[in-house]
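Asker: quick one, structure for this:
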Amino acid sequence: MIRVNVICVGKLKEKYLKDAVAEYSKRLGAFCKFSVTELDEEKTNDDPNEAGIRAILDAEGKRILSRIDKSDLVVAMCIEGRQLASEKLASYISDAAVSGVSTIDFIIGGSWGLSEEVKSRARLRLSMSEMTFPHQLARVMLCEQLYRAFSINAGTKYHK
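Answerer: Below you'll find the model as predicted:
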């Protein structure tokens, strides 16, 4: 069974978002070994300069990369990434599993995004939309899309 990790910077605060992630985590357990890892967001002032933002991204990036094994397939969630239909994401996951990938890591950065080092480690840069979403909501959306992808691959009726 393939392992799917969602590695994200920041912690969910609202109960309804935690409940949604917990529900999709439970559902995904039927298809994969699923986990969500929350990493600490770097402390910052209210208006960091460019060097400050780079320092934040580098520090968060090091924490992210420490959680990724060399053999993992990495998907960086970033605005400049490719947009995929749910069926294409399902195919991507299925193709990865068939090719021998045992672990896929989906990475969600903090409020400033992801470091170039993390993006460079990714085999796929994936964007949910050209719209901007709070990264806490993005986590729920990603979990739902992962559940949808596995449901598509399993031929269930969830995806219509």
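
Asker: list of residues touching stretch 119-131?
Answerer: For stretch 119-131, the external contacting residues (Cβ atoms under 8 Å, 6 or more residues apart in numbering) are 65, 68, 73-84, 89, 92, 106-107, 138, 141-142, 145. Using the backbone N, CA and C atoms, a C-beta is placed for each residue, glycine as well.

Asker: buried ones among these?
Answerer: Among the contacts of stretch 119-131, those scoring as buried are 68, 73-78, 81, 84, 89, 92, 106-107, 138, 141-142, 145 (criterion: 16 or more other Cβ atoms under 10 Å).

Asker: after the longest strand along the chain, next one along is what?
Answerer: The residue-count maximum for a strand in the chain (DSSP state E) belongs to strand 73-82. Going down the chain from strand 73-82, the next helix or strand is helix 86-98, by DSSP states H and E.

Asker: relative to strand 73-82, how tilted is that next one?
Answerer: Angle of helix 86-98 versus strand 73-82, following axes from the mean of the first three to the mean of the last three Cα atoms, to 10 degrees, is 150 degrees.

Asker: for helix 86-98, buried residues please.
Answerer: Here helix 86-98 shows 89-90, 92-93, 96-97 as buried, counting by 16+ other Cβ under 10 Å.

Asker: chain center to that helix, what's the gap?
Answerer: Distance of helix 86-98 from its chain centroid, counting by Cα atoms, centre = their mean, to the nearest Å, is 15 Å.

Asker: and whichever helix or strand comes after it, which strands flank it?
Answerer: Heading C-terminal from helix 86-98, the first helix or strand you meet, by DSSP H and E, is strand 103-108. Strands adjacent to strand 103-108 in the sheet, as given by DSSP bridges, are strand 3-9 (parallel), strand 73-82 (parallel).

Asker: can you add mean pLDDT and give those back as CSV?
Answerer: Converted to CSV, the strands paired with strand 103-108 look like this (pLDDT from 0 to 100):
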stretch, mean pLDDT
strand 3-9, 98
strand 73-82, 96
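
Asker: and of the ones you listed, who's closest to Gly155?
Answerer: Closest to Gly155 of those, according to Cβ to Cβ: strand 3-9, at 18.8 Å.
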